[in-house]
Structures are given as C-alpha cells and as structure tokens.
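Peer 1: quick check, what structure comes out for this input:
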Amino acid sequence: MSSKIYIKRTSVSGRTPNTTNLNTGELALNMTDGVMFSSNGSSVFEIGANVTLFSANSVTINNEYSFPTHDGTAGQTLITNGSGGLSFANIVSVDTINDILARTATITSDITLQGNTTANNIVVVGESQLADVIVTGNTTANNLSVSGNTELDEVIITGNTAANNLVVEGDFTVSGNITYIDSTELNIGTNFINLNTQVNSVTNSPFDAGININRGALPNTSIYFDETDDSWKFTNNGTDYYKIITGLEDVLQSNAIAHSTIEANNITANTIDINVVNIGNNIINTSNSATTSTLTTAIIDSYPKQNYSSSQYLIEVTTGSGKQFSQINLIYDASDIYISEFGRISTNNELATFSANMNSTHVNLLATPQSTNLDIKIHRTTVTN
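Peer 2: Modelled structure (predicted):
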C-alpha cells in the first residue's frame, strides 16, 4: 500500500508563510484561498496565478521595481523614488512653477499661479502662444519675462501678489478696452507716443486725441488736439477750453494781449489792430480818434502826466469837403506846458486849431473845431520819464 505525502497547509483565509516556517524548496498550501507558496531561502513567492489573493513580504518585477506590500489610503497614488522603489503617496493638488519648470523647460498651455506660490523665474520664449498667464493669491513672481514672437491674450496679476520684474523683449500687444498702470512713476524710453493708431493713413481722423489728468474732487484738466478746429486746446477746469497760441494771429484773435506785453524779433500777420505799442523801454506809440459835433473846444487826447515827459502828435482832421494834417510837439515841466505846431497843410480851409493844458494828474490835447462834424485821427509818440 502506497504512502500519502502531505505538504504544509492551512485552511485560514489570507494566511501566508514566511522564511521562518517555510524552508528552501518546501511547499505550502492555503486550501481556502487556493494558493501555493514556496521559498528560495530569502523570500517566499507564490506558485502559479491567483486573481483572489496576492500577498507576500515583498514583490519584485524583473529585479527592477519593488512594489509595496500593503495598499495605500484613499486618494493616494503610486510614485517612484527614481531607483525602482515604488510607494503610495498623496497627490499634490498644485505644483509650484519651479516644479513644473524642473520637469519641462517649455510650457505651451495656460499658466496659472494661485495660492501661496513662489516663482523665481517665468520665462516665455520663442514662437509661443499662451491664452492666459494668471498670477493670483499670495504669490511672488520675481521675474516674468516674455521674449520672441510671443502672443499673450491675458497677463493677469491680482491679489496679494508681488511681480518684481515684468520684462517683455520684442513687440508687446495688449488687447482690450482699458489698460491700467498703477505705479507712482512711469518712465518711457521712446521719443514719441503715437495716439489714434487705429486710424489708417488714408482716412482723416474723426477722433480728438490728447491727455486727461484726473484731479480727484477738483475739475479734471486736459490737453488735446481738436480735429474740428484743427488746433491744440487745453482746459484748466474741464469746462472752458482754450486754443494753444502758436503765432501772433492766434494771440490777436484770442485777445491775449489786452493786458500783456509781447516781445518778438520778427512779426508776420495779415492784420494787426493795436492801440498801444511799446518800443524799447522809453517810447510809447498810441492811436486814438475823436468826432466833434459842435464848435466847442474839447479834449481829444489825454495821458498821465507822471508817466511821461514829452510827446509828439500826428493829427489828421477830415470833413466832407476837405482834410487837414499837422504835427505837434508837446513838452512840460512841473508848472508849465509848451506846444509847437508845424507842417500844417490842408486841402481847403482850416478845419481846427489845437492847444494843450494840464492839471495835477494829466496832460490834455485840445481841439477847437472851425466847423461841425469833424473826424480827428490821432497818433501819439510819448517819451517816458
């Protein structure tokens, strides 16, 4: 009668042998799980395949990868240490930009920095297109550099964020309706700033263009080019706009010399209407006119005595039937006035005679008409004290 051979066995589900209770070459059987084991002296391994149980002290594949012997917690993933050792670890929900750049030097998708993030360098180079570069939260981006033929639809930096340097090499295009720059100083290296660039070269600009200054609670000020008047204008109160003077004709049209002095080397104008002209520091030229309706002696010109020492007149008297022209010199001291008329000519009879007097404040030139309805034109040159 033949003998029965029994190998080591157990009926407890999940129980596995180890090198302490299973010698080299021995066999062991878990009858409940249907799994057979053997040992090579240093580790226990399963013989055959089993879809229900795979449990051992350690599992090695191709002598390259060592799997963990126990399951991880919910939500964990299997990672490698780079030397063949595998283990379970938590999933990192947000990478730092340095972690991303450590894995790849080129990023072609959207970049979003959110939360407590530190990015020493964000560099976008070459012919790349990024839909968005978004920096939010408590973020520090020490250098954000964009160079090459790069197009960014949006660069958004918000929240408690420090972007110490934003460097764009090459053309930089910003699309949208409003661009905000919140800084204490804006330095621009270019020589010219171009406005209204959306207007093509064959169309007259329909838009005024200029610079507005926000003054808070005070009225805003601005300087702009008015396309309607084809001139530069400015406002100090946001309501009244004044043309910027570019020539003498602008001065005269705007009455800007009513109480001012003009100094110029060369003056060119189509029409100049000036009542008083200062020549140098000592000569005052002025023009005046008078009309008489009676034969009564009347003052036709008067000026402050304390400002001047002498004067000379060119006087033309006209009426419907003739003209008279003469020159008068006038000088005075503290108590007396002296007058001399010469060079009188007339086309008909004498039209008027002239005299002078003074009071405590003024010197007066008087005319005594010889007929009514005289028109008198006066040009005075006065020497100042």
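
Peer 1: for the strand or helix carrying Ile331, buried residues please.
Peer 2: Per DSSP states H and E, Ile331 falls inside strand 322-332. Within strand 322-332, the residues that count as buried by 16 or more other Cβ atoms under 10 Å are Gln324, Phe325, Ser326, Ile328, Leu330, Ile331, Tyr332. Quick note: C-beta positions are derived from backbone N, CA and C, even for glycine.

Peer 1: so where do the strands sit in the stretch 201-350 of the chain?
Peer 2: Under the criterion DSSP state E, counting those that start in this stretch, the stretch 201-350 of the chain contains strands at 209-213, 221-226, 231-235, 241-243, 276-279, 283-292, 298-304, 308-319, 322-332, 337-346.

Peer 1: next SSE downstream of the last one?
Peer 2: The helix or strand immediately downstream of strand 337-346 is strand 352-358, counting by DSSP H and E.

Peer 1: need the per-residue pLDDT for Ala28.
Peer 2: On pLDDT, Ala28 comes in at 91.

Peer 1: got it, and Arg344?
Peer 2: Predicted confidence (pLDDT) for Arg344: 92.

Peer 1: now it. Nearest residue, chain neighbours left out?
Peer 2: Nearest residue to Arg344, sequence neighbours excluded (Cβ to Cβ, 6 or more residues apart in numbering): Ser326, at 3.8 Å.

Peer 1: you'd agree the one you found is up against Gly343?
Peer 2: Yes - counting by Cβ atoms under 8 Å, Ser326 touches Gly343, with 5.9 Å between them.

Peer 1: Leu366: which element?
Peer 2: If you go by DSSP H and E, Leu366 is part of strand 362-369.

Peer 1: strands paired with that strand, and their directions?
Peer 2: Paired strands of strand 362-369, with direction, are strand 298-304 (antiparallel), strand 352-358 (antiparallel) (DSSP bridges).

Peer 1: outside of the last one, which residues touch it?
Peer 2: Same thing as strand 352-358. Strand 352-358 is contacted from outside by 292, 297, 305, 315, 317, 324, 326, 328, 330, 332, 337, 339, 341, 363-370, 374, 376, using Cβ atoms under 8 Å, 6 or more residues apart in numbering.

Peer 1: mean confidence for it?
Peer 2: 94.

Peer 1: just want the angle from that strand to strand 337-346.
Peer 2: Relative orientation of strand 352-358 versus strand 337-346 (axes from the mean of the first three to the mean of the last three Cα atoms, to 10 degrees): 170 degrees.

Peer 1: so that it lines up with my notes, have the first residue be 36 from now on.
Peer 2: Got it, the first residue is 36 from now on, which makes the last one we talked about strand 387-393.

Peer 1: re the thing from before, what subset of the contacts of strand 387-393 is buried?
Peer 2: Counted by 16+ other Cβ under 10 Å, these give 327, 340, 350, 352, 359, 361, 363, 365, 367, 374, 398-402, 404, 409, 411 as buried.

Peer 1: which residues does the nearest residue to Ser346 once chain neighbours are set aside bridge with?
Peer 2: Excluding the flanking residues, the one nearest Ser346 by Cβ to Cβ, 6+ apart is Thr417, at 4.5 Å. Counting by DSSP bridges, Thr417 is bridged to Ile319, Ser346.

Peer 1: quick one: the strands of the stretch 236-385 of the chain as JSON lines, columns for distance to Gly107 too.
Peer 2: Below are the strands of the stretch 236-385 of the chain laid out as JSON lines (distance: least, Cβ to Cβ, whole Å):
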{"stretch": "strand 244-248", "distance to Gly107": "63"}
{"stretch": "strand 256-261", "distance to Gly107": "67"}
{"stretch": "strand 266-270", "distance to Gly107": "72"}
{"stretch": "strand 276-278", "distance to Gly107": "75"}
{"stretch": "strand 311-314", "distance to Gly107": "99"}
{"stretch": "strand 318-327", "distance to Gly107": "104"}
{"stretch": "strand 333-339", "distance to Gly107": "107"}
{"stretch": "strand 343-354", "distance to Gly107": "109"}
{"stretch": "strand 357-367", "distance to Gly107": "117"}
{"stretch": "strand 372-381", "distance to Gly107": "120"}
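
Peer 1: pick out the shakiest of the ones you listed, pLDDT-wise.
Peer 2: strand 311-314 has the lowest average pLDDT among these, namely a mean of 56.

Peer 1: tell me the contacts of the residue lying closest to Thr354 once chain neighbours are set aside?
Peer 2: The shortest distance from Thr354 to any non-neighbouring residue, by Cβ to Cβ, 6+ apart, is to Leu409 (5.5 Å). Taking Cβ under 8 Å, 6+ apart, we find Leu409 in contact with Thr326, Thr327, Val352, Thr353, Thr354, Leu386, Ala387, Ala402.

Peer 1: what's the answer for Asn125, then?
Peer 2: Gly110, Gln111, Thr112.

Peer 1: my guess is the last one meets Phe123, correct?
Peer 2: Pointing back at Thr112 there. Yes - using Cβ under 8 Å, Thr112 is in contact with Phe123, at 7.1 Å.
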